[in-house]
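> I would like to see how this sequence folds:
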Amino acid sequence: MLTSRAVKEFALNVAKVDLVGIAPVARFRGAPSDLHPSTIMPGCRSVVVIASRIPRGCYRGIDEGTHWPSYNVFGYIRLSGRLADAAYRISRFIEDHGYEACCPGMAASSREMGPRRPPAAGKPAPDVNLHLRIAAMLAGLGEIGWSKVFLTEEFGPRQRLNAILTDAELEPDPVRVGRLCDRCGRCVSECPAGAIPRDRSAGIDVDGTRVEWADIDIGRCKLTHFGKNRRNG
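Coordinates of the predicted model:
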């Protein structure tokens, strides 16, 4: 019988991730169909979420205005590739124990753009994406801050995430919310795009608790990130 402990030990000691947590698919109750694990894997019972920390030095060039790619090339692209490899190894480990596993990938959601083609009858609008930050929160790794950045006790905002869906029924981790972000508003005042509102939120209900974060202006965020503001993009 496959246990949560065995999956976590493999993830940490063999696949070499830094954090791992498990959520039962029931915690995604109420999620839109295009963000629900069961839309990707109908038999899904557990969602295993993994994280690798981003070295603090990756941000140094951004802090000092000298080298933006140190984060983008290694802290984003390279670490995403390492997490994809780890997710593949964990999926094989799960399937070696007689269950099925699926790596939905780390594709960014493009919901603000609308569907790329009409949905089939009875199906959710494409494209389906697993919201990794929500999944990580439901797996007990940390919480989503007001800035919508995922926060953990171990690494603050410095981690990349990935997930594995499986039909194995694994013991879940407790949800940990309300510990890290104190809504100080510093992210609002320091956002170079002015994309983080102080008083407009989005959120979900988690086990009877309402969890909210800022309703980010995605258009402003992307314009700044991709070069509108030359000092930050």
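> Would you mind listing where the protein has pLDDT under the threshold?
With pLDDT under 70 as the threshold, the chain has low-confidence stretches at 107-120, 123-127, 227-233.
> ok, now with 90
1, 29-36, 39, 58-77, 104-131, 176-179, 192-193, 203-211, 218-233 (pLDDT under 90).
> Please enumerate the helices of it.
4-13, 37-40, 60-64, 69, 79-96, 132-138, 186-190, 218-223 (DSSP state H).
> okay if I get those as a markdown table plus distance to S46?
Every C-beta, even on glycine, is put in place using the N, C-alpha and C of the backbone. Compiled in a markdown table, those are given as follows (distance: least, C-beta to C-beta, whole Å):
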| stretch | distance to S46 |
| --- | --- |
| helix 4-13 | 8 |
| helix 37-40 | 9 |
| helix 60-64 | 36 |
| helix 69 | 37 |
| helix 79-96 | 9 |
| helix 132-138 | 11 |
| helix 186-190 | 32 |
| helix 218-223 | 30 |
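> So which of the ones you listed is nearest G122?
Judged by C-beta to C-beta, the one of those that comes nearest to G122 is helix 37-40, at 11.7 Å.
> Contact partners for the closest residue to G98 other than its chain neighbours?
Excluding the flanking residues, the one nearest G98 by C-beta to C-beta, 6 or more residues apart in numbering is L2, at 7.6 Å. Residues near L2 by C-beta atoms under 8 Å, 6 or more residues apart in numbering: 94, 97-99, 168, 170.
> Out of these, grab the one that's most surrounded.
Among the contacts of L2, I94 has the most neighbours (other C-beta atoms under 10 Å), with 25 neighbours.
> Surely that residue and L165 touch.
No. Using C-beta atoms under 8 Å, I94 is not in contact with L165; the gap is 9.8 Å.
> so what's in contact with these two at the same time?
Joint contacts of I94 and L165 (C-beta under 8 Å, 6+ apart) are A101.
> any idea where the strands of the chain begin and end?
With strands called from DSSP state E, the chain shows them at 19-24, 46-53, 101-102, 143-144, 150-151, 159-166, 201-206, 209-214.
> do you know which of these lies nearest V7?
strand 46-53 (6.2 Å).
> Partner strands of the closest one and their direction?
strand 19-24 (antiparallel), strand 159-166 (antiparallel) (DSSP bridges).
> For the first one, output the C-alpha coordinates as CSV.
I take that to be strand 19-24. Extracted C-alpha coordinates of strand 19-24, given in CSV (Å, rounded to 0.1, in the frame of the first residue of the first chain):
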residue,chain,number,x,y,z
LEU,A,19,8.7,21.0,0.1
VAL,A,20,5.9,18.6,-0.5
GLY,A,21,2.3,18.6,0.6
ILE,A,22,-0.9,16.6,-0.2
ALA,A,23,-4.5,17.7,-0.6
PRO,A,24,-7.5,15.5,-1.1
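> That one: how far from the chain's middle?
12 Å (C-alpha atoms, centre = their mean, to the nearest Å).
> Also the longest one?
Between the mean C-alpha point of strand 159-166 and the mean C-alpha point of its chain there is a distance of 7 Å (C-alpha atoms, centre = their mean).
> Name the nearest residue to V206, sequence neighbours excluded.
Nearest to V206 is V175, by C-beta to C-beta, 6+ apart, at 5.8 Å.
> show me the contacts for D167.
Applying C-beta under 8 Å, 6+ apart, the residues near D167 are 41, 43-45, 99-100.
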